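> Predicted coordinates and the sequence they were generated for:
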Amino acid sequence: MASRSTVKVEGDKITFVADNDRKSWSVENPEALKGHEGHHVQVKVHVYADKGSLHIMEVKMLSEPAQKKSR
C-alpha cells in the first residue's frame, strides 16, 4: 500500500496520520521515519489492520499540503 501522510511525534511515539481519512496509525519500525518528524511524506507500507499499525518499507519526502502553505 502507498499512502501520503504526516509524521507526528507524541512523546517517544511516532504515528502516521493519513491525508485521505485523517486516521492515525502506529508505526512498527519508527526508525524508518527518523528525520521526517512533522513532515509530509509518501510511504510504501505493510498494513496490520488488526493492530492499527504499519511497517514502513519506503519513505519519500513531499512538499507541505496546500492548506499548510496558506497559513
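That came in fine, so what should we check first? Quick caveat: nothing in here was measured; it's all calculated off a predicted structure.
> where in this protein is pLDDT low?
Low-confidence segments of the chain, defined by pLDDT under 70: 1-2, 64-71.
> Bridged to the residue most central in space within it, which residues?
Of all residues in the chain, the one closest to the mean position by CA atoms, centre = their mean is residue 16, 3.1 Å from it. Applying DSSP bridges to residue 16 gives these bridge partners: residue 7, residue 25.
> Repeat that for residue 61.
Beta-bridge partners for residue 61, by DSSP bridges, are residue 41.
> where do the strands sit along this structure?
Chain-ordered strands for the chain, with DSSP state E as the definition, fall at 2-10, 13-18, 24-27, 40-48, 53-61.
> I'd like the C-alpha coordinates of the fourth one written as CSV, please.
Read that as strand 40-48. Provided in CSV are the C-alpha atoms of strand 40-48 (Å, rounded to 0.1, in the frame of the first residue of the first chain):
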residue,chain,number,x,y,z
HIS,A,40,4.6,15.4,4.8
VAL,A,41,5.7,12.1,3.3
GLN,A,42,4.6,9.4,0.9
VAL,A,43,5.3,5.9,2.1
LYS,A,44,5.0,2.3,1.0
VAL,A,45,3.8,0.2,3.9
HIS,A,46,2.6,-3.2,5.0
VAL,A,47,-0.7,-2.7,6.9
TYR,A,48,-1.5,-4.6,10.1
